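J.: from the sequence below, what's the structure:
(chains A and B)
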Amino acid sequence: MGRLFVVNLEGKVYSCKHCKINLALVDDIVSKSFQSRHGKAYLFSKVVNVSAGEKEDRMMMTGLHTVVDIFCIGCGSIVGWKYEFAHEKGQKYKEGKSVLERFKVSGPDGSHYWVSHETHVGGSDADV
Amino acid sequence: MGGVGDDEPASKRMKLSSEELRHLSNGSTLKEPIVRSTRDLMARPLQSEGGEEVFGPKGIIKKVEFVRIIAKALFSLGYVKSGAHLEEESGIALHSSLVNVFMKQILEGDWEGSVVTLNNIGLTDEMTIKSACFLILEQKYFEFLDEEKVTDALKTLRTEISPLCINDSRVRELSLFIVSPSRCFSVQSPKQDTSRARSRTKLLEELQKLLPPTVMVPERRLEHLVEQALVLQRDACMFHNSLYKEISLYADHQCARDQIPSYALQILQVHTDEIWSLQFSHNGKYLASSSNDCSTIIWEVDANGVSLKHKLSGHQKPLSSVSWSPNDHQLLTCGVEEVVRRWDVSSGECLHVYKKAGLGMVSCGWSPDGNWIFSGVNDKSISMWELDGKELECWKGQRTLKISDLEITSDGKHIISICRETAILLLDREAKVERFIEEDQTITSFSLSRDNRFLLVNLLNQEIHLWSIEGDLKLVSKYRGHKRTRLIIKSCFGGLKEAFIASGSEDSLVYIWHRGTGELIEALPGHSGAVNCVSWSPANPHMLASASDDRTIRIWGLNKPSTKKKDTHSNGIHHCNGST
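T.: The predicted structure follows:
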């Protein structure tokens, strides 16, 4: 697959669960109150080593947003999404930021997150 | 309908729209050479407001100036009669009669007369008059010295040159010539070792440069204008890639695309895994390719094409980069976070392994005198080694990243590497000065131009930026079009005078841009995987090589009729699979 261009982060890092490539720093967490279909999700100001899919307009819990799905460049698994454009004024703060699903990443201590039995029916997104 | 009649010569007849014809129906006729643009017919009379006649389709050339520089060119070509005839027929003199007198006086050595004429010519700038007088009197002074008339020379210096009160340092220099005559050798050209004075023709040339062009038309002015136009045409020519294409004056220069390598002449299929790095030697006689299969191959380039010379095995890790020694006799290869190996090109033997305990090398490069090698290390430092393995120096700190390239300028002074996500370090290792190219996007790779004046920087957002690194660091151009989302894709300079930029791409195409205009001129299909690296032969502007995840190297060239070879396939592409 070519020589991957991998950014190495320093500090407490969240990595891809499957291939261990660094994805984001704990310090860059903006909010822990997000959720996805797999449970908890965190909003980060900066995420690295991901490639983006096609732009899509999605109706999320807080309204209509234009998002792109983001994929780990190492293994290609989907790890979350990035906000390109928020249609509602109150949600503008999300633009340019990315959400990583807690289920898809290993924490800084190597810990994993297991989807709880009470599955969320509501869908993805949340406010701070 | 008014306007142009049929008895006008065809060149003067012009198609006017019916609207224009209506405007002309006041009875005016067209007698002057017709301005080709129909818009201009109404917009401007053929004589500009300044009362000066203009010439040419755009009406921006002043006729008097045009005739004078033509006359000047005729005289320069030696066509004195033609030049004089032109002056007579046009009624436009190249030089006013006073200027002619002045020129005659200079060439005859009538210094007093020339100074008087100079003051009468009608120059307005005091400084110009004084400077011109200074030059004339300086000549007079030197000619006296040549004739051994020392008292006369001294008198000139004291009573004529000094009172001008300009260029005092030169006056002091001149006085030294009387004191120690042997000093003249340092000032005049070696050829004139007996005469201190330069020729009077040279003096005239110097004066011509000093005086305003309205008084004396500068030498070679017409030639300069024509050359300027030709150079502009050549620089704007997006496909200009051959040295021997003469530029004709008869038509605007524009090469056809056929000078850009765009045909796959050979496919080299020997590596057993993705190829990540590729580089022609400085003399273009060899090509080195390094791969994920942990080997490096040295290919030989000759008139028959590219063939396998050596397969270099020894690394235990995939290869990240290669670097040719300045004389192309040796090659450095670097394994990803492993060791650097030095190889002999003709024998294929490994001459040395450079390693650091507990650390891994990430890049390699040669000093321009071939006596030292540099390597980036995965603790972010850069090391410098003697060839026998003794480490001479180590620049610690945030100097290089694990994925960074490493370049050393050909004066040996600057080390270049990516030191932070968005910055490239240019380290002057002697002056211990650091400069940084700062981008607002993550930098993935870079490439140095052969003349060391430019750096091509690949960014995460699929842009390639061209930076000027001589003097102030300045962003010069941007190139876009190729695809990069996950990999390290490398690009390079190439072609005649490095007028082109080539790059690999994740969509398996090879991209070529014209460097000056930024225009994308080719996107070459052929590879069946991401193209990781490209290298353009420094010796042959028509040969480009590309390396891909599909494990092959493609050699691109011009569309030439295929030469007769035993193993050439019918489609004209020469496949080389390493068998001998």
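
J.: which of the three states applies to the residue nearest the centre of chain A?
T.: Of all residues in chain A, the one closest to the mean position by C-alpha atoms, centre = their mean is A:Leu100, 1.8 Å from it. Under DSSP: H, G, I helix; E, B strand; the rest coil, the three-state class of A:Leu100 is strand.

J.: quick check: it touching A:Asn22?
T.: No - look at A:Leu100 against A:Asn22 with C-beta atoms under 8 Å: they stay out of range, at 11.6 Å. The C-beta positions use only the backbone N, C-alpha and C, and glycine is treated the same way.

J.: so what sits against both of these two?
T.: Residues touching both A:Leu100 and A:Asn22 (C-beta atoms under 8 Å, 6 or more residues apart in numbering or on different chains): A:Tyr14.

J.: can you pull the contacts of A:Glu54?
T.: A:Glu54 is in contact with A:Val68, counting by C-beta under 8 Å, 6+ apart.

J.: quick one: low-confidence ranges for the chain?
T.: Reading this off chain A. Chain A contains residues with pLDDT under 70 at A:114-123, A:126-128.

J.: that answer is for a different chain, and I need it for chain B
T.: B:1-51, B:181-196, B:244-245, B:560-580.

J.: interface residues of it facing chain A?
T.: B:274, B:276, B:292, B:318, B:320, B:401-403, B:421, B:442, B:444, B:460, B:485-489, B:506, B:529-530, B:532, B:549 (C-beta under 8 Å from any C-beta of the partner chain).

J.: got the contact list for residue 92?
T.: You didn't pick a chain, so chain A it is. For A:Lys92, the contact set (C-beta under 8 Å, 6+ apart) comprises A:Ala86.

J.: meant chain B, my bad for not saying
T.: With C-beta under 8 Å, 6+ apart, B:Ile92 has these contacts: B:Val64, B:Val67, B:Arg68, B:Ala71.

J.: try 6 Å
T.: B:Ile92 makes contact with B:Val64, B:Val67, according to C-beta atoms under 6 Å, 6 or more residues apart in numbering or on different chains.

J.: what do you get for B:Leu174?
T.: B:Leu157.

J.: so it sits in a helix?
T.: Yes - looking at B:Leu174 with three-state DSSP, it is inside a helix.

J.: tell me the spacing between it and B:Ile129.
T.: 20 Å (C-beta to C-beta, to the nearest Å).

J.: ok, A:Arg3 next?
T.: Going from A:Arg3 to B:Ile129 by C-beta to C-beta gives 69 Å.

J.: can you pull out the helices in the stretch 151-300 of chain B?
T.: Taking DSSP state H, counting those that start in this stretch, the helices of the stretch 151-300 of chain B run over residues B:168-179, B:184-187, B:200-210, B:221-236.

J.: most tightly packed of these?
T.: helix B:200-210 (a mean of 15; mean count of other C-beta atoms under 10 Å in any protein chain shown).

J.: got the contact list for that helix?
T.: For helix B:200-210, with C-beta under 6 Å, 6+ apart as the criterion, the contacting residues are B:Ile106, B:Leu107, B:Ser131, B:Ala132, B:Leu135, B:Gln139, B:Met216.

J.: tell me what the helix or strand harbouring the fourth one is packed against?
T.: Under DSSP states H and E, the secondary-structure element containing B:Ala132 is helix B:126-146. In this structure, helix B:126-146 packs against helix B:111-120, helix B:150-155, helix B:200-210, with contacts taken as 3 or more C-beta pairs under 6 Å, 6 or more residues apart in numbering or on different chains; DSSP states H and E.

J.: what's the offset of the last one from the middle of its chain?
T.: Mean-position distance between helix B:200-210 and its chain equals 31 Å (C-alpha atoms, centre = their mean, to the nearest Å).

J.: quick check: buried residues in the host helix or strand of B:Arg68?
T.: B:Arg68 belongs to helix B:63-77 when elements are defined using DSSP H and E. Of the residues in helix B:63-77, B:Val64, B:Glu65, B:Phe66, B:Val67, B:Arg68, B:Ile69, B:Ile70, B:Ala71, B:Lys72, B:Ala73, B:Leu74, B:Phe75 count as buried by neighbour count, 16 or more other C-beta atoms under 10 Å in any protein chain shown.

J.: re earlier: ok, and the closest non-adjacent residue to the residue nearest to the centre of chain A?
T.: A:Gly80 (4.3 Å; C-beta to C-beta, 6 or more residues apart in numbering or on different chains).

J.: what's opposite that neighbour in the beta bridge?
T.: Per DSSP bridges, the residues bridged to A:Gly80 are A:Ile70, A:Leu100.

J.: how much space between B:Asn532 and B:Ile553?
T.: In terms of C-beta to C-beta, B:Asn532 sits 11 Å off from B:Ile553.

J.: between the buried residues of helix B:63-77, which is closest to chain A?
T.: B:Ile69 (57.0 Å; C-beta to the nearest C-beta).

J.: thought that closest one was touching B:Leu222?
T.: Yes - with contact defined as C-beta atoms under 6 Å, B:Ile69 and B:Leu222 form a contacting pair (4.5 Å).

J.: of all the helices of the stretch 151-300 of chain B, which one comes closest to B:Ile469?
T.: Smallest distance to B:Ile469 across these (C-beta to C-beta): 21.1 Å, for helix B:221-236.

J.: so what does that closest one touch, helix or strand wise?
T.: helix B:63-77.

J.: mind listing what's buried in the helix or strand just after the helix it packs on?
T.: Using DSSP H and E, the next helix or strand after helix B:63-77 towards the C-terminus is helix B:80-90. Neighbour-count burial for helix B:80-90 flags B:Gly83, B:Leu86, B:Glu87 (criterion: 16+ other C-beta under 10 Å).

J.: one more: stretch B:505-516?
T.: So, applying 16+ other C-beta under 10 Å, buried residues of stretch B:505-516: B:Ser505, B:Glu506, B:Ser508, B:Leu509, B:Val510, B:Tyr511, B:Ile512, B:Trp513, B:His514, B:Arg515.

J.: does the nearest residue to B:Arg453 once chain neighbours are set aside count as helix, strand or coil?
T.: Using C-beta to C-beta, 6+ apart and skipping the chain neighbours, the partner closest in space to B:Arg453 is B:Glu470 (4.4 Å). Under three-state DSSP, B:Glu470 falls in the coil class.

J.: state the number of residues packed around B:Glu470.
T.: 10 (other C-beta atoms under 10 Å in any protein chain shown).

J.: repeat that for the one 10 residues further on.
T.: When neighbours are counted by other C-beta under 10 Å, B:Arg480 registers 12.

J.: over to B:Gly284?
T.: So B:Gly284, with other C-beta under 10 Å, has 16 neighbours.

J.: count of residues packed around the closest residue to it other than its chain neighbours?
T.: Once flanking residues are discounted, B:Gly284 sits nearest to B:Ala539: 2.6 Å by C-beta to C-beta, 6+ apart. By other C-beta under 10 Å, 12 other residues sit near B:Ala539.

J.: what comes into contact with stretch B:551-562?
T.: With C-beta under 6 Å, 6+ apart, stretch B:551-562 has contacts from B:261, B:263-269, B:271, B:289, B:306, B:526, B:542-547, B:572.

J.: check stretch B:473-491 too.
T.: A:2-3, A:5, A:51, A:73, B:437, B:444-445, B:456, B:458, B:462-468, B:501, B:503-507, B:511, B:513, B:518, B:520, B:530, B:533.

J.: mind redoing it with 7 Å?
T.: For stretch B:473-491, the external contacting residues (C-beta atoms under 7 Å, 6 or more residues apart in numbering or on different chains) are A:2-5, A:51, A:73, B:403, B:435, B:437, B:444-445, B:447, B:456, B:458, B:462-468, B:501-507, B:511, B:513, B:518, B:520, B:523, B:530, B:532-534.

J.: next, the buried residues of it.
T.: So stretch B:473-491, judged by 16+ other C-beta under 10 Å, has buried residues B:Ser477, B:Tyr479, B:Gly481, B:His482, B:Lys483, B:Arg484, B:Arg486, B:Leu487, B:Ile488, B:Ile489, B:Lys490, B:Ser491.
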